[in-house]
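Student: Build me a model from this:
(3 chains, ligands or ions: 21)
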Amino acid sequence: VDHARNGFDPHEILTDWDVGEVSIDAQGRRVREWVVTAVDKEVEVAPGVMFPAWTFNGRIPGPTLRCTEGDRLRIVFNNGSAHPHTMHFHGIHSWRMDGVPYAGLVQPGGTFTYEFEAKPFGCHLYHCHAMPLKRHIHKGMYGSFIVDPDPSRHPDAVAVAESRLLGSARNAEWQEIMICMNAFDLNFDDENEIYAANTIPFAYQQKPIRIERGRKLRIYLFNITEFDPINSFHIHGNFFDYYDTGTTLTPTLRTVDTIMQCQGQRGIIEMDWSEHEPGQYMFHAHQSEFAELGWMSHFEVV
Amino acid sequence: VDHARNGFDPHEILTDWDVGEVSIDAQGRRVREWVVTAVDKEVEVAPGVMFPAWTFNGRIPGPTLRCTEGDRLRIVFNNGSAHPHTMHFHGIHSWRMDGVPYAGLVQPGGTFTYEFEAKPFGCHLYHCHAMPLKRHIHKGMYGSFIVDPDPSRHPDAVAVAESRLLGSARNAEWQEIMICMNAFDLNFDDENEIYAANTIPFAYQQKPIRIERGRKLRIYLFNITEFDPINSFHIHGNFFDYYDTGTTLTPTLRTVDTIMQCQGQRGIIEMDWSEHEPGQYMFHAHQSEFAELGWMSHFEVV
Amino acid sequence: VDHARNGFDPHEILTDWDVGEVSIDAQGRRVREWVVTAVDKEVEVAPGVMFPAWTFNGRIPGPTLRCTEGDRLRIVFNNGSAHPHTMHFHGIHSWRMDGVPYAGLVQPGGTFTYEFEAKPFGCHLYHCHAMPLKRHIHKGMYGSFIVDPDPSRHPDAVAVAESRLLGSARNAEWQEIMICMNAFDLNFDDENEIYAANTIPFAYQQKPIRIERGRKLRIYLFNITEFDPINSFHIHGNFFDYYDTGTTLTPTLRTVDTIMQCQGQRGIIEMDWSEHEPGQYMFHAHQSEFAELGWMSHFEVV
Ligand SMILES: [Cu+2]
Ligand SMILES: [Cu+2]
Ligand SMILES: [Cu+2]
Ligand SMILES: [Cu+2]
Ligand SMILES: [Cu+2]
Ligand SMILES: [Cu+2]
Ligand code: NA
Ligand code: NA
Ligand code: NA
Ligand code: NA
Ligand code: NA
Ligand code: NA
Ligand SMILES: [Zn+2]
Ligand SMILES: [Zn+2]
Ligand SMILES: [Zn+2]
Ligand SMILES: [Zn+2]
Ligand SMILES: [Zn+2]
Ligand SMILES: [Zn+2]
Ligand SMILES: [Zn+2]
Ligand SMILES: [Zn+2]
Ligand SMILES: [Zn+2]
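Tutor: Ligands and ions are numbered 1, 2, ... in the order given. Modelled structure (predicted):
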């Protein structure tokens, strides 16, 4: 796969947090602004296989929007595609900002600005909600939306909240990555022929993700796979704690190695590799078919 | 869809708790009795589309049986259908009362009385368990079975238990609705062509459910969808707490916007709309196909 | 089904814990050693229906390996099959011992010894991880891997940990069984025609599992069903506590009657029958199709 021609690289997508343009408003509140553009684009999803995608900012998944609980968010959405689209955020907001056919639908050439407060903290997502929904989602219109907890709002769990706050000293003790479980229906028969972590099948098998034993690992994981009822994440040789939706500061599940998500679900995985022998450790869907069709990846623990 | 001809209206089914006929037995215990009749019936499940259903009391889902933990329950089941049927309750009871082929199967024209104590408290269901199971379930033979907690048995959580007890002052502070996730295989090829909340596709999109911001919202949700491995509930613009099976007084999951259930699973959703702008908020399955085929609904928050 | 010809009986598989050969090493640590052999074998999976299986030790599921947290484990794996295979354990270990194509793959006639410490405690599994994964798993190459907690490592929950420790007095108060949810694709079209608890469809319906009311019941459950996204366990007339992955000493879910697992997931079910009327109680998948094709079982509560 020619990542340069695609305009995005799955290895960069792991960590390219997009924190927007930050300013302070008249009330002294922090404001973050992003400009996101819908773009129709041929994407090479497997060697020589071009997929006629619809994208946010020319990439799949779209930009990883990251902010802090309580921020004022402004997402200027320009529709450069030939089809109407929206940005629907999983988060708390008014129906006016919901990005659905009756609120925030943008015609080709049009623009809309979604504005809301960042809440609740957690691991969320956004996706197009134009109709037909399955086609717009499956075409590639989705991305990660991460709201870090504001430690000052969580006096009983300040250290935990700080560890999740991008840019803090405690957060620097963690290696963080974002993984989107997605798939592609190449012949438009409502069945997927390709599965992946972050779009490109086997990308992290061919070139493993480097994991530092000296820092703990946090994964922001979401599932947007269309046409299949669930997807899953399984790690080899290790276990993790899981925070369903990332909206709590204590784990939902402790010491597991396999979790499943239906479409639109997501969560935070926390893992410790400090006592492991360096080497390659697989992670993949525990649906064998998905693993064999591309959702098979490796960590290179160093 | 002609609700009058069907004999039931999805908007009434949201709240028509059937508490049975209440009496006190010789030991001073509260007894509830219901008479439920199996009826074969053509049901209009989409405009002009008639489905040859088998029903409890001529409606899909059947009556919402609601009682209190510890009640003595008596369900007189008359089979007015041309096929043998049962009422199998998810709950604690003797095998004699289980409503399976070897206990409580009722031939056409016959009757059986299921008797057991209401336990455990929670959000349960009942369904026919005659064979072949998938055909009897899919034909429409299921309903909600809600057991409210008895506050006197939960001294550490009296207020929470009271808030779930129908008729109590604390319960009146909540708006409560019942939603059944179901589907219909119109051509009997073991795949569903229609999905819905409470049987009629898009019923709550065409006429949204009115949600009062001044009261909290509690949803008794169950999934009886046949032929698909899971179904799910996603809310727009808001988050909720989830009580798996409704059998606890503390939430299983806090602050989520999407949960999934396999067939026979159920739970209680609690949501607060008090700070939201009035307007329309979607809720639907986050399987796009299900949403597009009818399991798409709206709240009108007022 | 001729269990003698198959060489294994689903009723014996419920409880035939294989604790290996125990010794003490130079450092005073307990060592357990097993010899496991891959064998190609025709297995009668339904009356008169022979399935060309690949097995561990000539049985499906393979031996139930049971040990205690902290034990040194040594599994000598001999490949007597005509195909390359591995034993991949869900557990904490080095990549060198992972049983994947690049570590621990054994050619026909070859051998490999997997060595690692038993951790974390829980209800785990092992399976072949040769490629193509779905074929090797589906052929029958999987088994249960149970790690009992070491009570001395859990000072805050000694009694609970002891109750899980095979051979302890507190463990004798429990009736324990192992159930594997599996399925078979008889015509190799990537869809299952047969579903079961422990391989043989309806085995526990035709001859129910005897449950003693005087002891509590603990079930070590895992799902290895290929080709279907999830499987589930539903009990009739009773409820249970569920420990996801079995890696905690407090329940993940309390008082439920239905749980689902994707492939590779597993957990511990704890149930009390002491107050139930003796008789037959069903348990089965709550996917009707699975139940009707064999994953339908009975408890005979005595
Ligand atoms: Cu779109
Ligand atoms: Cu695996
Ligand atoms: Cu029936
Ligand atoms: Cu949505
Ligand atoms: Cu193999
Ligand atoms: Cu059932
Ligand atoms: Na396809
Ligand atoms: Na990949
Ligand atoms: Na159909
Ligand atoms: Na509806
Ligand atoms: Na098949
Ligand atoms: Na069976
Ligand atoms: Zn594994
Ligand atoms: Zn969504
Ligand atoms: Zn694997
Ligand atoms: Zn949404
Ligand atoms: Zn059921
Ligand atoms: Zn939606
Ligand atoms: Zn049941
Ligand atoms: Zn596995
Ligand atoms: Zn049943």
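Student: residues near the residue of chain A found nearest ligand 11, how many?
Tutor: In chain A, no residue comes nearer to ligand 11 than residue A:289, which is 13.9 Å away by C-beta to the ion. Bear in mind the C-beta positions are built from the backbone N, C-alpha and C, glycine included. Number of residues near residue A:289 (other C-beta atoms under 10 Å in any protein chain shown) recorded here: 18.
Student: tell me which parts of chain A are close to ligand 16?
Tutor: residue A:90 (C-beta under 5 Å from the ion).
Student: quick one, what contacts the residue of chain A closest to ligand 11?
Tutor: A:195, C:134, C:190, C:227 (C-beta atoms under 8 Å, 6 or more residues apart in numbering or on different chains).
Student: sec struct for it, please.
Tutor: helix (DSSP: H, G, I helix; E, B strand; the rest coil).
Student: for chain A, what spans make up the helices?
Tutor: A:3-6, A:10-13, A:133-138, A:158-164, A:203-206, A:288-292 (DSSP state H).
Student: Ligand 12 is nearest to which of those helices?
Tutor: Ligand 12 sits nearest to helix A:288-292 of all the helices of chain A, at 23.0 Å, using C-beta to the ion.
Student: on that earlier part again, a markdown table please, covering the contacts of residue A:289 and showing neighbour count, distance to ligand 9 and pLDDT.
Tutor: Output for the contacts of residue A:289, formatted as a markdown table (neighbours: other C-beta atoms under 10 Å in any protein chain shown; distance: C-beta to the ion, whole Å; pLDDT from 0 to 100):
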| residue | neighbour count | distance to ligand 9 | pLDDT |
| --- | --- | --- | --- |
| A:195 | 25 | 26 | 98 |
| C:134 | 19 | 27 | 93 |
| C:190 | 12 | 21 | 94 |
| C:227 | 18 | 20 | 97 |
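Student: Go through the residues you listed and name the one nearest ligand 16.
Tutor: Of all these, ligand 16 sits closest to residue A:195, with 23.3 Å by C-beta to the ion.
Student: Pretty sure that closest one sits against residue A:202.
Tutor: No. In this structure, residue A:195 is not within contact of residue A:202 by C-beta atoms under 8 Å, at 9.9 Å.
Student: Quickly list what's touching both of the two.
Tutor: residue A:294.
Student: burial measure for the residue nearest to residue A:217 when sequence neighbours are not counted, as a count.
Tutor: Nearest residue to residue A:217 in three dimensions, chain neighbours excluded: residue A:271, at 4.5 Å (C-beta to C-beta, 6 or more residues apart in numbering or on different chains). Using other C-beta under 10 Å, residue A:271 has 19 neighbouring residues.
Student: contacting residues around residue A:271?
Tutor: Contacts of residue A:271 by C-beta under 8 Å, 6+ apart are A:216, A:217, A:218, A:219, A:235, A:238, A:239, A:240, A:241.
Student: Make JSON lines from those residues and add pLDDT and distance to ligand 3 to it.
Tutor: What follows is the contacts of residue A:271, written out as JSON lines (pLDDT from 0 to 100; distance: C-beta to the ion, whole Å):
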{"residue": "A:216", "pLDDT": "98", "distance to ligand 3": "53"}
{"residue": "A:217", "pLDDT": "98", "distance to ligand 3": "51"}
{"residue": "A:218", "pLDDT": "98", "distance to ligand 3": "50"}
{"residue": "A:219", "pLDDT": "99", "distance to ligand 3": "46"}
{"residue": "A:235", "pLDDT": "98", "distance to ligand 3": "44"}
{"residue": "A:238", "pLDDT": "98", "distance to ligand 3": "48"}
{"residue": "A:239", "pLDDT": "98", "distance to ligand 3": "44"}
{"residue": "A:240", "pLDDT": "98", "distance to ligand 3": "44"}
{"residue": "A:241", "pLDDT": "98", "distance to ligand 3": "44"}
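Student: Same list (the helices of chain A) but as TSV, adding distance to ligand 7.
Tutor: Formatted as TSV, the helices of chain A follow (distance: least, C-beta to the ion, whole Å):
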stretch	distance to ligand 7
helix A:3-6	21
helix A:10-13	21
helix A:133-138	10
helix A:158-164	38
helix A:203-206	20
helix A:288-292	13
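Student: nearest to residue A:97, of those helices?
Tutor: Minimum separation from residue A:97 across the helices of chain A (C-beta to C-beta) falls at helix A:133-138, 18.4 Å.
Student: Just the CA atoms of that closest one, as PDB, please.
Tutor: Provided in PDB are the C-alpha atoms of helix A:133-138 (Å, rounded to 0.1, in the frame of the first residue of the first chain):
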ATOM      1  CA  LEU A 133     -26.400   5.400   7.300                       C
ATOM      2  CA  LYS A 134     -24.700   2.200   6.500                       C
ATOM      3  CA  ARG A 135     -23.300   3.500   3.300                       C
ATOM      4  CA  HIS A 136     -22.000   6.800   4.700                       C
ATOM      5  CA  ILE A 137     -20.400   5.100   7.600                       C
ATOM      6  CA  HIS A 138     -18.900   2.200   5.600                       C
END
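Student: rewinding a little: any idea how far residue C:61 is from the residue nearest to residue A:217?
Tutor: To residue C:61, residue A:271 is 28 Å away according to C-beta to C-beta, to the nearest Å.
Student: so where is the stretch 1-150 of chain A shaky, pLDDT-wise?
Tutor: Under the criterion pLDDT under 70, no range of the stretch 1-150 of chain A is flagged.
Student: thought residue A:217 was touching residue A:177?
Tutor: Yes. Residue A:217 is within contact range of residue A:177, at 7.5 Å (criterion: C-beta under 8 Å).
Student: and the closest residue to residue A:47 other than its chain neighbours, how many neighbours?
Tutor: In this structure, residue A:47 finds its nearest non-sequential neighbour in residue A:1, 6.0 Å apart by C-beta to C-beta, 6+ apart. Residue A:1 sits with 20 neighbouring residues when counted by other C-beta under 10 Å.
Student: quick one: residue A:1 and residue A:203 touch, right?
Tutor: Yes. In this structure, residue A:1 is within contact of residue A:203 by C-beta under 8 Å, at 7.5 Å.
Student: and the residue of chain A closest to ligand 11, how far is that from ligand 5?
Tutor: To ligand 5, residue A:289 is 16 Å away according to C-beta to the ion, to the nearest Å.
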